[in-house]
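Student: Need the 3D shape of this:
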Amino acid sequence: MLAADGYDVLMVETCGGALERLRSARPAAVVAEGRLPDGNALDLFSHIRDGGADFAFIVLAETIDLNIATQALQDGADQFLIRPVNRLALLLVLQRAIENRVNRRRARQREATRQREPIDPFVGESRVVRELHERAARVLEADRPVLIQGETGTGKGVLASWLHRHSPRRDEVFVDLNCAGLNRELLETELFGHEKGAFTGAIAAKTGLFESADGGTLFLDEIGDVDLQVQPKLLKVLEEGRFRRLGEVRDRTARVWLIAATHQDLAELVAQKRFREDLFYRISTIPLRLPALRERVEDIPALAEQFLVRVSADLGRRPPGIAPAALRRLQAHSWPGNIRELRNVLERAVLLTQADVLDVDALGLETRAVPVRVPEGLTTIREAERILIERMLGEEKGNIERAATRLGISRSSLYQRIQRHRITVSRM
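Tutor: The predicted structure follows:
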(Lines give C-alpha, C1' and ligand atoms only; values in the text may rest on other atoms or scores of the structure.)
Protein backbone atom coordinates (compact mmCIF):
# COMPACT_ATOMS: atom_id res chain seq x y z
CA MET A 1 0.00 0.00 0.00
CA LEU A 2 2.79 2.42 0.88
CA ALA A 3 4.75 1.51 -2.23
CA ALA A 4 1.69 2.23 -4.35
CA ASP A 5 1.58 5.71 -2.83
CA GLY A 6 5.14 6.53 -3.86
CA TYR A 7 7.14 5.39 -0.84
CA ASP A 8 10.32 3.38 -1.35
CA VAL A 9 9.72 0.47 1.04
CA LEU A 10 12.22 -1.96 2.57
CA MET A 11 10.70 -5.13 4.09
CA VAL A 12 12.18 -7.26 6.90
CA GLU A 13 10.67 -9.97 9.11
CA THR A 14 12.51 -9.60 12.43
CA CYS A 15 14.08 -7.08 14.80
CA GLY A 16 17.50 -8.47 13.91
CA GLY A 17 16.78 -8.09 10.21
CA ALA A 18 15.65 -4.50 10.74
CA LEU A 19 18.79 -3.57 12.70
CA GLU A 20 20.96 -5.13 9.98
CA ARG A 21 19.26 -3.10 7.24
CA LEU A 22 19.45 0.09 9.31
CA ARG A 23 23.23 -0.11 9.38
CA SER A 24 23.28 1.09 5.78
CA ALA A 25 19.76 2.41 5.08
CA ARG A 26 18.51 5.77 6.37
CA PRO A 27 14.73 5.64 6.08
CA ALA A 28 12.42 8.55 6.76
CA ALA A 29 10.29 6.28 8.95
CA VAL A 30 10.00 2.79 10.43
CA VAL A 31 6.59 1.08 10.62
CA ALA A 32 6.91 -1.93 12.96
CA GLU A 33 4.59 -4.73 14.07
CA GLY A 34 3.89 -4.65 17.79
CA ARG A 35 5.13 -8.22 18.21
CA LEU A 36 7.88 -9.80 16.12
CA PRO A 37 9.41 -13.30 16.07
CA ASP A 38 12.50 -12.21 18.02
CA GLY A 39 11.07 -9.42 20.13
CA ASN A 40 8.63 -6.56 19.87
CA ALA A 41 8.47 -3.01 18.58
CA LEU A 42 9.66 -1.62 21.91
CA ASP A 43 12.86 -3.70 21.73
CA LEU A 44 13.49 -2.51 18.19
CA PHE A 45 12.80 1.13 19.02
CA SER A 46 15.09 0.96 22.05
CA HIS A 47 18.00 -0.29 19.92
CA ILE A 48 17.34 2.35 17.27
CA ARG A 49 17.10 5.18 19.79
CA ASP A 50 20.28 4.09 21.61
CA GLY A 51 22.10 4.07 18.27
CA GLY A 52 21.32 7.75 17.79
CA ALA A 53 19.11 7.33 14.71
CA ASP A 54 16.45 9.98 14.24
CA PHE A 55 13.44 9.09 12.12
CA ALA A 56 9.70 8.62 12.56
CA PHE A 57 8.63 5.39 14.34
CA ILE A 58 5.09 3.99 14.07
CA VAL A 59 3.83 0.83 15.80
CA LEU A 60 1.10 -1.42 14.33
CA ALA A 61 -0.74 -4.01 16.42
CA GLU A 62 -3.54 -6.55 15.85
CA THR A 63 -5.27 -5.66 19.11
CA ILE A 64 -4.97 -2.84 21.60
CA ASP A 65 -2.19 -3.49 24.10
CA LEU A 66 -2.22 -0.59 26.54
CA ASN A 67 1.11 -1.51 28.09
CA ILE A 68 2.95 -1.56 24.75
CA ALA A 69 1.06 1.48 23.45
CA THR A 70 1.77 3.57 26.55
CA GLN A 71 5.40 2.52 26.76
CA ALA A 72 5.98 3.12 23.04
CA LEU A 73 4.63 6.67 23.18
CA GLN A 74 6.50 7.42 26.40
CA ASP A 75 9.74 6.22 24.81
CA GLY A 76 9.29 8.61 21.91
CA ALA A 77 7.47 6.63 19.22
CA ASP A 78 5.32 8.84 17.00
CA GLN A 79 2.11 6.79 16.80
CA PHE A 80 0.44 3.51 17.81
CA LEU A 81 -2.15 2.17 15.34
CA ILE A 82 -4.56 -0.79 15.48
CA ARG A 83 -5.26 -3.04 12.50
CA PRO A 84 -7.06 -2.87 10.16
CA VAL A 85 -5.45 0.45 9.26
CA ASN A 86 -7.31 2.91 7.08
CA ARG A 87 -5.13 3.79 4.08
CA LEU A 88 -5.68 7.55 4.23
CA ALA A 89 -5.25 7.59 8.01
CA LEU A 90 -1.92 5.75 7.77
CA LEU A 91 -0.66 8.06 5.03
CA LEU A 92 -1.65 11.12 7.05
CA VAL A 93 -0.04 9.79 10.24
CA LEU A 94 3.13 8.86 8.35
CA GLN A 95 3.38 12.22 6.62
CA ARG A 96 2.89 14.17 9.86
CA ALA A 97 5.35 11.98 11.77
CA ILE A 98 8.05 12.52 9.13
CA GLU A 99 7.41 16.27 9.03
CA ASN A 100 7.55 16.51 12.83
CA ARG A 101 10.90 14.71 12.92
CA VAL A 102 12.31 16.96 10.20
CA ASN A 103 11.10 20.08 12.01
CA ARG A 104 12.62 18.94 15.31
CA ARG A 105 15.91 18.15 13.56
CA ARG A 106 15.95 21.61 11.97
CA ALA A 107 15.17 23.23 15.32
CA ARG A 108 18.09 21.39 16.94
CA GLN A 109 20.36 22.44 14.09
CA ARG A 110 19.33 26.09 14.48
CA GLU A 111 19.91 25.96 18.23
CA ALA A 112 23.31 24.29 17.81
CA THR A 113 24.28 26.88 15.23
CA ARG A 114 23.19 29.70 17.54
CA GLN A 115 25.15 28.32 20.48
CA ARG A 116 28.32 27.84 18.42
CA GLU A 117 28.47 31.61 17.72
CA PRO A 118 29.91 31.11 14.23
CA ILE A 119 32.88 33.15 13.11
CA ASP A 120 32.14 36.31 11.19
CA PRO A 121 34.12 36.31 7.90
CA PHE A 122 33.78 40.10 7.59
CA VAL A 123 35.60 41.28 10.71
CA GLY A 124 37.31 44.62 10.10
CA GLU A 125 36.70 47.85 8.24
CA SER A 126 39.07 47.55 5.28
CA ARG A 127 37.76 48.41 1.83
CA VAL A 128 38.34 44.90 0.47
CA VAL A 129 36.33 43.33 3.29
CA ARG A 130 33.46 45.81 2.90
CA GLU A 131 33.31 45.11 -0.82
CA LEU A 132 33.38 41.35 -0.22
CA HIS A 133 30.52 41.66 2.29
CA GLU A 134 28.40 43.67 -0.14
CA ARG A 135 29.02 41.21 -2.96
CA ALA A 136 28.33 38.15 -0.78
CA ALA A 137 25.04 39.65 0.44
CA ARG A 138 23.90 40.15 -3.16
CA VAL A 139 24.34 36.48 -4.13
CA LEU A 140 22.26 34.97 -1.32
CA GLU A 141 18.99 34.91 -3.24
CA ALA A 142 20.50 33.87 -6.58
CA ASP A 143 20.65 30.11 -5.82
CA ARG A 144 23.45 29.70 -8.34
CA PRO A 145 26.83 28.01 -7.84
CA VAL A 146 29.35 30.15 -5.98
CA LEU A 147 33.12 29.88 -6.41
CA ILE A 148 35.21 31.18 -3.51
CA GLN A 149 38.83 31.85 -4.41
CA GLY A 150 41.61 32.76 -2.05
CA GLU A 151 44.94 31.68 -0.67
CA THR A 152 45.21 28.90 1.88
CA GLY A 153 44.09 30.07 5.31
CA THR A 154 42.01 33.06 4.20
CA GLY A 155 38.77 31.57 5.56
CA LYS A 156 37.02 30.07 2.54
CA GLY A 157 35.17 27.54 4.70
CA VAL A 158 34.06 30.27 7.10
CA LEU A 159 32.62 32.29 4.22
CA ALA A 160 30.85 29.22 2.82
CA SER A 161 29.23 28.57 6.19
CA TRP A 162 28.13 32.23 6.41
CA LEU A 163 26.55 32.05 2.94
CA HIS A 164 24.54 28.98 3.96
CA ARG A 165 23.40 30.47 7.28
CA HIS A 166 22.09 33.60 5.55
CA SER A 167 20.57 31.92 2.50
CA PRO A 168 16.99 30.67 1.96
CA ARG A 169 18.37 27.17 2.67
CA ARG A 170 19.48 28.12 6.18
CA ASP A 171 17.13 25.57 7.79
CA GLU A 172 18.41 22.73 5.61
CA VAL A 173 21.59 20.69 5.97
CA PHE A 174 25.10 22.01 5.27
CA VAL A 175 27.49 19.30 4.04
CA ASP A 176 31.16 19.86 3.28
CA LEU A 177 33.99 17.87 1.72
CA ASN A 178 37.65 18.72 1.20
CA CYS A 179 38.56 17.23 -2.19
CA ALA A 180 42.32 17.61 -1.75
CA GLY A 181 44.19 14.32 -1.81
CA LEU A 182 41.15 12.14 -2.61
CA ASN A 183 41.68 9.63 -5.42
CA ARG A 184 39.01 9.08 -8.06
CA GLU A 185 37.36 6.04 -6.44
CA LEU A 186 37.15 7.58 -2.98
CA LEU A 187 35.91 10.91 -4.32
CA GLU A 188 33.18 9.24 -6.40
CA THR A 189 31.84 7.21 -3.51
CA GLU A 190 31.96 10.26 -1.20
CA LEU A 191 30.02 12.42 -3.65
CA PHE A 192 27.59 9.92 -5.17
CA GLY A 193 27.57 6.92 -2.83
CA HIS A 194 27.68 3.26 -3.84
CA GLU A 195 25.60 0.12 -3.75
CA LYS A 196 26.53 -3.01 -1.84
CA GLY A 197 28.98 -5.05 -3.91
CA ALA A 198 29.80 -2.17 -6.27
CA PHE A 199 33.50 -2.86 -5.72
CA THR A 200 35.74 -5.00 -3.56
CA GLY A 201 35.13 -4.06 0.06
CA ALA A 202 31.69 -2.50 -0.52
CA ILE A 203 29.97 -4.67 2.06
CA ALA A 204 27.09 -2.23 2.52
CA ALA A 205 25.41 0.55 0.57
CA LYS A 206 26.63 4.08 1.19
CA THR A 207 24.74 7.36 0.85
CA GLY A 208 26.70 10.01 -1.06
CA LEU A 209 27.01 13.65 -0.07
CA PHE A 210 24.77 14.90 -2.90
CA GLU A 211 22.02 12.67 -1.54
CA SER A 212 22.68 13.75 2.04
CA ALA A 213 22.67 17.43 1.07
CA ASP A 214 19.47 17.26 -1.00
CA GLY A 215 17.58 20.52 -0.45
CA GLY A 216 20.52 22.07 1.37
CA THR A 217 24.05 23.26 0.66
CA LEU A 218 27.07 21.25 -0.49
CA PHE A 219 30.47 22.87 0.04
CA LEU A 220 33.33 21.37 -1.97
CA ASP A 221 36.65 22.75 -0.77
CA GLU A 222 39.71 22.55 -3.05
CA ILE A 223 37.59 21.68 -6.07
CA GLY A 224 40.63 22.19 -8.28
CA ASP A 225 41.88 18.78 -7.06
CA VAL A 226 38.83 16.88 -8.36
CA ASP A 227 39.91 14.06 -10.70
CA LEU A 228 39.27 14.70 -14.40
CA GLN A 229 37.23 11.48 -14.68
CA VAL A 230 34.89 12.62 -11.89
CA GLN A 231 34.35 16.10 -13.30
CA PRO A 232 31.79 15.08 -16.01
CA LYS A 233 29.63 13.39 -13.35
CA LEU A 234 29.87 16.46 -11.18
CA LEU A 235 28.82 18.66 -14.09
CA LYS A 236 25.82 16.41 -14.84
CA VAL A 237 24.40 16.55 -11.34
CA LEU A 238 24.84 20.33 -11.26
CA GLU A 239 23.08 20.82 -14.60
CA GLU A 240 20.39 18.13 -14.41
CA GLY A 241 20.12 17.30 -10.73
CA ARG A 242 20.60 13.60 -11.56
CA PHE A 243 23.30 11.10 -10.60
CA ARG A 244 23.85 7.40 -9.97
CA ARG A 245 25.46 5.63 -7.09
CA LEU A 246 28.41 3.42 -8.05
CA GLY A 247 27.03 0.03 -9.07
CA GLU A 248 23.52 1.37 -9.63
CA VAL A 249 21.53 1.53 -12.89
CA ARG A 250 18.75 3.92 -11.91
CA ASP A 251 19.07 7.68 -11.56
CA ARG A 252 18.65 9.50 -8.28
CA THR A 253 17.88 13.19 -7.93
CA ALA A 254 19.36 15.86 -5.72
CA ARG A 255 18.91 19.62 -5.71
CA VAL A 256 21.70 21.29 -3.81
CA TRP A 257 23.24 24.74 -3.65
CA LEU A 258 26.86 24.22 -4.58
CA ILE A 259 29.57 26.37 -3.01
CA ALA A 260 33.04 25.50 -4.29
CA ALA A 261 36.39 26.84 -3.13
CA THR A 262 39.98 26.68 -4.28
CA HIS A 263 43.35 28.30 -3.72
CA GLN A 264 44.36 27.45 -7.28
CA ASP A 265 43.96 29.43 -10.51
CA LEU A 266 41.22 27.39 -12.21
CA ALA A 267 41.54 29.33 -15.45
CA GLU A 268 45.19 28.27 -15.59
CA LEU A 269 44.19 24.66 -14.83
CA VAL A 270 41.72 24.84 -17.73
CA ALA A 271 44.48 26.07 -20.02
CA GLN A 272 46.63 23.12 -18.87
CA LYS A 273 43.75 20.67 -19.58
CA ARG A 274 43.66 19.73 -15.90
CA PHE A 275 40.16 21.11 -15.31
CA ARG A 276 37.14 20.97 -17.61
CA GLU A 277 36.23 24.30 -19.15
CA ASP A 278 32.46 23.63 -19.03
CA LEU A 279 32.62 22.71 -15.34
CA PHE A 280 34.71 25.82 -14.61
CA TYR A 281 32.10 28.09 -16.18
CA ARG A 282 29.30 26.22 -14.38
CA ILE A 283 30.74 26.55 -10.88
CA SER A 284 32.04 30.09 -11.33
CA THR A 285 28.65 31.68 -12.07
CA ILE A 286 29.19 33.85 -9.00
CA PRO A 287 32.88 34.32 -8.06
CA LEU A 288 33.93 35.64 -4.67
CA ARG A 289 37.56 36.42 -3.88
CA LEU A 290 38.87 36.37 -0.33
CA PRO A 291 41.75 38.81 0.16
CA ALA A 292 45.02 37.68 1.69
CA LEU A 293 45.68 38.99 5.20
CA ARG A 294 48.57 41.15 3.95
CA GLU A 295 45.99 43.01 1.80
CA ARG A 296 43.98 43.98 4.88
CA VAL A 297 46.50 44.64 7.65
CA GLU A 298 44.22 47.33 9.08
CA ASP A 299 41.82 44.52 10.07
CA ILE A 300 44.41 42.65 12.14
CA PRO A 301 43.56 44.40 15.46
CA ALA A 302 39.87 43.45 15.15
CA LEU A 303 40.71 39.89 14.06
CA ALA A 304 43.18 39.51 16.91
CA GLU A 305 40.58 40.65 19.44
CA GLN A 306 38.05 38.13 18.10
CA PHE A 307 40.51 35.22 18.30
CA LEU A 308 41.71 36.16 21.78
CA VAL A 309 38.13 36.27 23.06
CA ARG A 310 37.35 32.86 21.56
CA VAL A 311 40.51 31.12 22.72
CA SER A 312 40.27 32.58 26.22
CA ALA A 313 36.60 31.57 26.51
CA ASP A 314 37.52 27.98 25.65
CA LEU A 315 40.14 28.05 28.42
CA GLY A 316 37.83 29.76 30.90
CA ARG A 317 40.13 32.77 31.16
CA ARG A 318 39.82 36.51 30.69
CA PRO A 319 41.13 37.53 27.25
CA PRO A 320 44.50 39.30 27.44
CA GLY A 321 45.26 42.61 25.80
CA ILE A 322 47.96 43.25 23.20
CA ALA A 323 50.81 45.67 23.73
CA PRO A 324 51.14 48.35 21.02
CA ALA A 325 54.56 46.97 20.00
CA ALA A 326 53.09 43.47 19.66
CA LEU A 327 50.24 44.80 17.57
CA ARG A 328 52.72 46.56 15.28
CA ARG A 329 54.63 43.29 15.01
CA LEU A 330 51.47 41.48 13.95
CA GLN A 331 50.77 44.07 11.28
CA ALA A 332 54.34 43.93 9.99
CA HIS A 333 54.35 40.14 9.54
CA SER A 334 53.86 38.79 5.99
CA TRP A 335 51.32 36.11 7.09
CA PRO A 336 51.91 33.43 4.43
CA GLY A 337 49.35 31.30 6.30
CA ASN A 338 46.88 34.21 6.40
CA ILE A 339 44.09 34.26 9.03
CA ARG A 340 44.69 30.64 10.02
CA GLU A 341 48.29 31.48 10.89
CA LEU A 342 47.20 34.56 12.88
CA ARG A 343 44.76 32.46 14.88
CA ASN A 344 47.41 29.81 15.59
CA VAL A 345 49.95 32.44 16.72
CA LEU A 346 47.48 34.02 19.14
CA GLU A 347 46.25 30.66 20.43
CA ARG A 348 49.82 29.61 21.16
CA ALA A 349 50.50 32.93 22.89
CA VAL A 350 47.48 32.56 25.17
CA LEU A 351 48.36 28.95 26.01
CA LEU A 352 52.01 29.66 26.83
CA THR A 353 51.67 32.87 28.83
CA GLN A 354 49.64 33.94 31.82
CA ALA A 355 50.23 37.64 31.23
CA ASP A 356 47.35 40.09 31.12
CA VAL A 357 48.95 41.78 28.13
CA LEU A 358 50.74 39.98 25.29
CA ASP A 359 54.08 41.50 24.36
CA VAL A 360 56.25 40.90 21.27
CA ASP A 361 58.07 37.96 22.85
CA ALA A 362 54.77 36.19 23.63
CA LEU A 363 53.91 36.12 19.92
CA GLY A 364 56.94 34.01 19.04
CA LEU A 365 57.18 35.50 15.55
CA GLU A 366 60.63 35.30 14.03
CA THR A 367 61.85 37.76 11.46
CA ARG A 368 63.87 35.74 8.99
CA ALA A 369 65.93 37.72 6.54
CA VAL A 370 66.29 36.40 3.02
CA PRO A 371 69.75 37.48 1.85
CA VAL A 372 70.50 36.91 -1.79
CA ARG A 373 73.23 38.16 -4.10
CA VAL A 374 71.96 39.01 -7.55
CA PRO A 375 74.65 38.22 -10.17
CA GLU A 376 75.91 41.09 -12.24
CA GLY A 377 74.27 41.54 -15.58
CA LEU A 378 70.69 40.93 -14.41
CA THR A 379 68.66 43.95 -15.39
CA THR A 380 65.04 42.93 -14.71
CA ILE A 381 62.96 42.24 -11.62
CA ARG A 382 61.73 39.05 -13.30
CA GLU A 383 65.27 37.65 -13.47
CA ALA A 384 65.97 38.63 -9.87
CA GLU A 385 62.75 36.93 -8.77
CA ARG A 386 63.76 33.70 -10.50
CA ILE A 387 67.18 33.74 -8.82
CA LEU A 388 65.60 34.36 -5.41
CA ILE A 389 63.07 31.53 -5.79
CA GLU A 390 65.71 29.08 -6.96
CA ARG A 391 67.92 30.04 -3.99
CA MET A 392 65.13 29.51 -1.45
CA LEU A 393 64.08 26.20 -2.99
CA GLY A 394 67.66 25.03 -2.86
CA GLU A 395 68.13 26.04 0.77
CA GLU A 396 64.85 24.37 1.76
CA LYS A 397 65.67 21.23 -0.26
CA GLY A 398 62.66 21.63 -2.54
CA ASN A 399 60.11 22.04 0.27
CA ILE A 400 57.47 24.37 -1.21
CA GLU A 401 55.80 25.17 2.12
CA ARG A 402 59.00 26.30 3.85
CA ALA A 403 60.28 28.19 0.82
CA ALA A 404 56.97 30.08 0.50
CA THR A 405 57.07 30.97 4.22
CA ARG A 406 60.58 32.39 3.92
CA LEU A 407 59.63 34.35 0.82
CA GLY A 408 56.56 35.79 2.55
CA ILE A 409 54.10 34.54 -0.09
CA SER A 410 51.47 31.80 -0.20
CA ARG A 411 52.16 28.30 -1.45
CA SER A 412 49.85 28.82 -4.43
CA SER A 413 51.64 32.06 -5.36
CA LEU A 414 54.97 30.26 -5.25
CA TYR A 415 53.63 27.48 -7.46
CA GLN A 416 52.49 30.06 -9.99
CA ARG A 417 55.91 31.73 -10.03
CA ILE A 418 57.65 28.36 -10.38
CA GLN A 419 55.54 27.61 -13.44
CA ARG A 420 56.06 31.12 -14.86
CA HIS A 421 59.84 30.82 -14.60
CA ARG A 422 59.85 27.12 -15.63
CA ILE A 423 61.82 26.22 -12.50
CA THR A 424 62.45 22.54 -11.89
CA VAL A 425 61.81 21.60 -8.24
CA SER A 426 63.92 18.74 -6.92
CA ARG A 427 63.25 17.38 -3.44
CA MET A 428 66.06 16.07 -1.29
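
Student: For this protein, which element, helix or strand, carries the lowest mean pLDDT?
Tutor: Within the chain, no helix or strand scores below helix 66-75, which has a mean of 70 by mean pLDDT, DSSP states H and E.

Student: next helix or strand past it?
Tutor: Next helix or strand after helix 66-75 toward the C-terminus (DSSP states H and E): strand 79-82.

Student: Now find how far off-centre that next one is within its chain.
Tutor: 40 Å (C-alpha atoms, centre = their mean, to the nearest Å).

Student: count of residues packed around the spatially closest residue to Gly157 that is not a sequence neighbour?
Tutor: Nearest residue to Gly157 in three dimensions, chain neighbours excluded: Asp221, at 6.2 Å (C-beta to C-beta, 6 or more residues apart in numbering). All C-beta atoms are positioned from the backbone trio N, CA, C, and that covers glycine. Neighbour count of Asp221, defined by other C-beta atoms under 10 Å: 20.

Student: Kindly report the same for Met11.
Tutor: Neighbours around Met11, by other C-beta under 10 Å: 8.

Student: give me the element it is part of.
Tutor: Counting by DSSP H and E, no helix or strand carries Met11.

Student: Backbone dihedrals for it, please?
Tutor: With angles defined as degrees, to the nearest 10, Met11 sits at phi -110, psi 130.

Student: pLDDT at it, what is it?
Tutor: Looking at Met11, its pLDDT stands at 90.

Student: Where does Gly197 sit: helix, strand or coil?
Tutor: coil (DSSP: H, G, I helix; E, B strand; the rest coil).

Student: That one - nearest residue in space that isn't next to it in sequence?
Tutor: Of all residues not flanking Gly197 in the chain, Gly247 sits nearest, at 6.5 Å (C-beta to C-beta, 6+ apart).

Student: Wasn't Ile148 part of a helix?
Tutor: No: under three-state DSSP, Ile148 sits outside any helix and is assigned strand.

Student: gap between it and Leu228?
Tutor: Look at Ile148 and Leu228: by C-beta to C-beta, to the nearest Å, they are 22 Å apart.

Student: So between these two, which is more surrounded?
Tutor: Remark: of Ile148 and Leu228, Ile148 carries more neighbours, 27 against 12, as counted by other C-beta under 10 Å.

Student: how about the more buried one, what does it touch?
Tutor: Lys156, Leu159, Ala160, Ile259, Ala260, Ala261, Thr262, Leu288, Arg289, Leu290 (C-beta atoms under 8 Å, 6 or more residues apart in numbering).

Student: likewise Ala349?
Tutor: Residues in contact with Ala349 (C-beta under 8 Å, 6+ apart) are Leu358, Ala362, Leu363, Gly364.

Student: again, but for Met1
Tutor: Arg87, Leu90.

Student: Run through the helices of the stretch 151-300 of the chain in chain order.
Tutor: Under the criterion DSSP state H, counting those that start in this stretch, helices of the stretch 151-300 of the chain are mapped to 156-165, 184-192, 209-212, 231-240, 266-271, 277-283, 300-315.

Student: could those go into JSON lines alongside mean neighbour count?
Tutor: Shown next, in JSON lines, are these (neighbours: other C-beta atoms under 10 Å):
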{"stretch": "helix 156-165", "mean neighbour count": "21"}
{"stretch": "helix 184-192", "mean neighbour count": "18"}
{"stretch": "helix 209-212", "mean neighbour count": "20"}
{"stretch": "helix 231-240", "mean neighbour count": "16"}
{"stretch": "helix 266-271", "mean neighbour count": "15"}
{"stretch": "helix 277-283", "mean neighbour count": "18"}
{"stretch": "helix 300-315", "mean neighbour count": "17"}
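
Student: among the ones you listed, which is nearest Leu388?
Tutor: helix 266-271 (21.9 Å; C-beta to C-beta).

Student: Give me the contacts around the closest one.
Tutor: For helix 266-271, contacts defined as C-beta under 8 Å, 6+ apart pick out Leu147, Gln149, Ile223, Gly224, Phe275, Arg276, Glu277, Phe280, Ser284, Gln416, Gln419.

Student: tally of neighbours for the fifth one?
Tutor: The number of residues packed around Phe275, counting by other C-beta under 10 Å, is 23.

Student: Over to the one 10 residues further on?
Tutor: Applying other C-beta under 10 Å, we find 13 other residues in the vicinity of Thr285.

Student: Phi first, then psi, for it.
Tutor: Main-chain dihedrals, Thr285, degrees, to the nearest 10: phi -50, psi -40.

Student: Find the nearest non-adjacent residue to it, please.
Tutor: Using C-beta to C-beta, 6+ apart and skipping the chain neighbours, the partner closest in space to Thr285 is Arg144 (4.4 Å).

Student: just checking, the one you found touches Ile283?
Tutor: No: using C-beta atoms under 8 Å, Arg144 is not in contact with Ile283; the gap is 9.7 Å.
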